[in-house]
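Engineer: Sequence first, then the predicted structure, then my questions.
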Amino acid sequence: MKKFQHFLEVFIFGARWLLAPLYIGLVGALALLLWRYGIEFVHLAEGINDSDAHMFTLSLLGLLDLVLLGNLVLIVLFAGYENFVSKIEAAENSTDRPSWMGTIDFSGLKLKLIGSLVALSVIELLKDFIELSNHESETVGQGTIWRIILHLTFVVSGVLFAIMDRLGEAGGKHLTAGD
C-alpha cells in the first residue's frame, strides 16, 4: 500500500506540468498583444496630424490599456509558473529579474491581479469620460454606468481581498505565538 501511495503522490505532483502548455500559451498571447500594440501605435502615428487632443488622448489611453494588459499577463505567467509548476532557475542570477519574482504567493498574486483589473477599468472609464466631454450631450450612457459599477466592484473586491489577507496574516501570527 505504501508503494501505491508513493506512486500516486508522484503522479499527482507531476500533474502540475499539465499547466506548462497554458503558460506557453500566455507567451503566445504576449506576442499577439505586441502585434496589436504595434498596429495601434502605427495608427496613432499616422493620424497624429489629423486628430484633435481628445482623439489623441483616447488612442494613447488605448496603448496604455494594452501595456497594462501585457503587465498583467506577465505577472500571471511568472508568478503562476513559479507557484504552481517550477522555479524559473534561468532568472535566479539575472540582474533583470523583477524584484517581486519568486516572492509572490497565491494571495499576493490575487492582489496584483485585482490591482491590475482596477487600473484597466480606470482607463476604460477615463476613455468614456473623455468621449463624453467631447460631445454636446451631458448624458452618461448605459455602458458607462455598467463600467462604473464594474470598476467599483473591482475596487471593493480588492479591498476585501486585502482585508482578508491582513486578517489571515494576523490570525496566523496569533496562532503561531500561542504555540
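Structural biologist: Great, that's in hand. Here the structure is a predicted model, which is why all the values come from computation and not from measurement.

Engineer: give me the number of residues near the closest residue to A119 other than its chain neighbours?
Structural biologist: Distances taken as C-beta to C-beta, 6 or more residues apart in numbering place L68 nearest to A119, at 5.4 Å, with adjacent residues excluded. Where C-beta positions appear, they are placed from N, C-alpha and C, glycine not excepted. L68 sits with 16 neighbouring residues when counted by other C-beta atoms under 10 Å.

Engineer: same thing with the one 4 residues further on?
Structural biologist: Around L72 there are 17 other residues, counting by other C-beta under 10 Å.

Engineer: Secondary structure element for it, which one?
Structural biologist: Counting by DSSP states H and E, the element that carries L72 is helix 53-84.

Engineer: same check, this time on D128
Structural biologist: Going by DSSP H and E, D128 is part of helix 106-133.

Engineer: what helices or strands is that helix leaning on?
Structural biologist: On a contact count with 3 or more C-beta pairs under 8 Å, 6 or more residues apart in numbering; DSSP states H and E, helix 106-133 meets helix 53-84, helix 142-178.

Engineer: Let me know which of those helices is tucked in deepest.
Structural biologist: Highest mean neighbour count among the helices and strands packed on helix 106-133 (mean count of other C-beta atoms under 10 Å): helix 53-84, with a mean of 17.

Engineer: and that helix with helix 106-133, angle?
Structural biologist: Put simply, helix 53-84 runs at 170 degrees to helix 106-133, going by axes from the mean of the first three to the mean of the last three C-alpha atoms, to 10 degrees.

Engineer: So what's the gap between helix 53-84 and the chain middle?
Structural biologist: 7 Å (C-alpha atoms, centre = their mean, to the nearest Å).

Engineer: model confidence over it, on average?
Structural biologist: Across helix 53-84, pLDDT averages out at 88.

Engineer: ok, I148 - contacts?
Structural biologist: Counting by C-beta atoms under 8 Å, 6 or more residues apart in numbering, I148 touches L125.

Engineer: how much space is there between it and L125?
Structural biologist: Relative to L125, I148 is positioned 7 Å away (C-beta to C-beta, to the nearest Å).

Engineer: low-scoring stretches of this structure, by residue?
Structural biologist: Within the chain, the ranges that satisfy pLDDT under 70 run 132-143, 170-179.

Engineer: From the centroid of it, which residue is nearest?
Structural biologist: L72 (2.7 Å; C-alpha atoms, centre = their mean).

Engineer: distance of it from W17?
Structural biologist: Separation of L72 from W17 (C-beta to C-beta): 24 Å.

Engineer: And L126, by the same measure?
Structural biologist: 41 Å.

Engineer: Neighbour count: the two, which is higher?
Structural biologist: Between L126 and W17, counted using other C-beta under 10 Å, the more crowded position is L126 (15 against 11).
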